[in-house]
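A.B. asks: give the three-dimensional model of this entry:
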Amino acid sequence: MGAWGPGNFENDAAQDWLYDFGENDFRLIDRTLAGVAAMIEADELDLFEAQEVLAAAECVAAAAGFPPDDPPQELAEWLAENSPMPVKPEYIEMARKAVARVLAKSELRELWLAGDKFVVWETAVHNLQSRLNQIQ
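C.D. replies: Residues are numbered from 1 along each chain as shown. Okay, the predicted model is just below:
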């Protein structure tokens with residue numbers, strides 16, 4: 001049985017991504033966000049891409065000093081070893097665009113919309129957006 005919950009790290013794809021992040025850090029963020037941020041409007045993110053985007057954007061926000069209230073242990077450990085750190089503006093902008101894409105047009109959004117926890121999921125993603133928007 002896999003993990004499936006409305007939080008940005010409450011799924012197998014995000015947890016797998018976070019494990020890989022510990023090995024690759026910002027190289028993985030770059031690979032995850034760059035293509036998504038540059039997608040054309042007609043493109044839709046598939047389920048796994050959207051889950052990985054949210055995990056990557058969470059790591060950008062956390063590295064910039066705006067972590068989630070209860071980060072996963074892997075992220076908390078990474079932050080303890082690497083914070084504070086300057087985050088390149090292009091990563092922040094890519095994260096903002098990619099999260100907006102997940103909210104606007106993604107298979108993940110459609111799955112949550114069809115269920116009874118859409119508002120909980122949407123609130124978690126809006127919280128992430130808010131933290132990304134606080135980064136100067």
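
A.B. asks: roughly how far apart are residue 128 and residue 81?
C.D. replies: Counting by C-beta to C-beta, to the nearest Å, the gap from residue 128 to residue 81 is 22 Å. For every residue, glycine as well, the C-beta is placed using N, CA and C.

A.B. asks: looking at those two now, which is surrounded by more residues?
C.D. replies: residue 128 (23 against 8; other C-beta atoms under 10 Å).

A.B. asks: would you mark the buried spots in the helix or strand harbouring residue 132?
C.D. replies: Using DSSP states H and E, residue 132 maps to helix 118-133. Of the residues in helix 118-133, those with enough neighbours to count as buried (16 or more other C-beta atoms under 10 Å) are 121, 124-125, 127-129, 131-132.

A.B. asks: could you dump the residues you listed into CSV and include distance to residue 88 and pLDDT?
C.D. replies: Formatted as CSV, the entries for these read as follows, by distance: C-beta to C-beta, whole Å; pLDDT from 0 to 100:
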residue, distance to residue 88, pLDDT
121, 28, 97
124, 25, 97
125, 23, 98
127, 23, 98
128, 18, 98
129, 19, 98
131, 17, 97
132, 14, 97
